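In: here is a sequence with its predicted model. Questions after.
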Amino acid sequence: MALVSPATLSAERYNQVRKSDRGGSIHGGEWETSLMLYLGEQVDMSQATKEDIMRYQSDFVAGDNFTGSQKVFWSTWGLQRSKTGIYGDPTVATAETGKAIMEAIVKEGVAFAKEYWSASEGD
């Protein structure tokens, strides 16, 4: 059994192209919104706000899904109240960034699937 995270698969590439600062990619931030835009979902960017960018960061909590070191899982709801339900900065999201993310997910996902298949052939 293997657990695969699209966010982890795309993290290196995303960090090369992202526009948001640390705290800008948690829930509904740049990463997720960029993917939605790339996939053609209806996103009303006039409603986007970075009012609830994640401000809490520590030695245990990275404060961003793509930077820093996350030593423990600590729900964002316990760290900082959100007025919008978002934790991050969707204002800088673009379909172009979403395309880079999706290409990385596919590339890394295929590479892992090949490795996984190859390793399981030995059983």
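Out: Now that the structure is in, tell me what you want to look at. Numbering: from 1, shown residues only.
In: so how far is Trp31 from Gly68?
Out: With the distance defined as Cβ to Cβ, to the nearest Å, Gly68 ends up 15 Å from Trp31. C-betas here are computed from N, CA, C, even on glycine.
In: got it, and Gly98?
Out: Counting by Cβ to Cβ, the separation of Gly98 from Trp31 is 9 Å.
In: who has more neighbours, those two?
Out: Shown here are Gly98 and Trp31; by other Cβ atoms under 10 Å, Trp31 has more neighbours (28 against 24).
In: wait, the more buried one sits on Val17?
Out: No. With contact defined as Cβ atoms under 8 Å, Trp31 does not count as touching Val17 (10.4 Å).
In: distance from the chain centre to the lengthiest helix in the chain, please.
Out: The helix spanning the most residues in the chain, taking DSSP state H as the definition, is helix 95-120. Distance, stretch centre to chain centre, for helix 95-120: 15 Å (Cα atoms, centre = their mean, to the nearest Å).
In: by contact count, what packs against that helix?
Out: helix 6-17, helix 30-38 (3 or more Cβ pairs under 8 Å, 6 or more residues apart in numbering; DSSP states H and E).
In: buried residues in it, which are they?
Out: For helix 95-120, a neighbour-count test (16 or more other Cβ atoms under 10 Å) marks 95, 97-102, 104-105, 108 as buried.
In: same question for stretch 71-79.
Out: For stretch 71-79, by 16+ other Cβ under 10 Å, it's 76, 79.
In: chain neighbours aside, what residue packs nearest to Glu12?
Out: Leaving out its chain neighbours, the residue that sits closest to Glu12 by Cβ to Cβ, 6 or more residues apart in numbering is Ala104, at 7.3 Å.
In: and Ile26, by the same measure?
Out: The shortest distance from Ile26 to any non-neighbouring residue, by Cβ to Cβ, 6+ apart, is to Tyr87 (3.6 Å).
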